[in-house]
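> Turn this into a structure:
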Amino acid sequence: VQLQESGGGLVQPGGSLRLSCVVRGFPFSSAAMSWARQVPGKELEWVSGIYTNGSTKYTDSVKGRFTVSRDNAENTVYLQMDNLKPEDTALYHCAIGLVVPLPGLVPEYVYQGPGTQVTVSS
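Below you'll find the predicted structure:
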């Protein structure tokens, strides 16, 4: 199973980025998918997820700014990030599975990509 993220970069506050994650070796259409992020020295933080029926979930800090979507024909999940803030700076990973963690709990995934760096700075 392979997951590969792309689309990260350096953007000014208020800017936008679109992350992509291609999944290989796994029946993508039958998998819920998540996006999670990590800052050096801190735990992994769940950000967003999408179920197989297309319904979505978001952590409170990104609601109204981030949009998760999927294309089953392309085995790809996306994260559209708008109105980015410096506190969104992190390494963003996609992962197979979606369990919204209870406050304070760290998500764990069997399959997770290496990540793509997002830096929000002026």
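> what's the span of stretch 109-122 from first residue to last?
In stretch 109-122, first residue to last residue: 33 Å (CA to CA, to the nearest Å).
> ok, which stretches of the protein are strands?
Secondary structure of the chain, counting by DSSP state E: strands at 2-6, 9-11, 17-24, 33-38, 45-50, 56-58, 66-71, 76-81, 90-96, 116-120.
> Need those in CSV (columns: distance to residue 108, mean pLDDT and mean neighbour count).
C-beta coordinates here come from the backbone N, C-alpha and C atoms, glycine included. Shown next, in CSV, are the strands of the chain (distance: least, CB to CB, whole Å; pLDDT from 0 to 100; neighbours: other CB atoms under 10 Å):
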stretch, distance to residue 108, mean pLDDT, mean neighbour count
strand 2-6, 15, 98, 17
strand 9-11, 28, 98, 14
strand 17-24, 18, 98, 19
strand 33-38, 10, 97, 23
strand 45-50, 10, 96, 22
strand 56-58, 17, 97, 16
strand 66-71, 19, 98, 18
strand 76-81, 18, 98, 22
strand 90-96, 9, 98, 23
strand 116-120, 20, 98, 18
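> how about those strands, which one is nearest residue 105?
strand 45-50 (9.0 Å; CB to CB).
> That closest one - which strands sit beside it in the sheet, and in what orientation?
strand 33-38 (antiparallel), strand 56-58 (antiparallel) (DSSP bridges).
> Switch the ones you listed over to JSON lines; also include distance to residue 73.
Below are the strands paired with strand 45-50 laid out as JSON lines (distance: least, CB to CB, whole Å):
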{"stretch": "strand 33-38", "distance to residue 73": "15"}
{"stretch": "strand 56-58", "distance to residue 73": "19"}
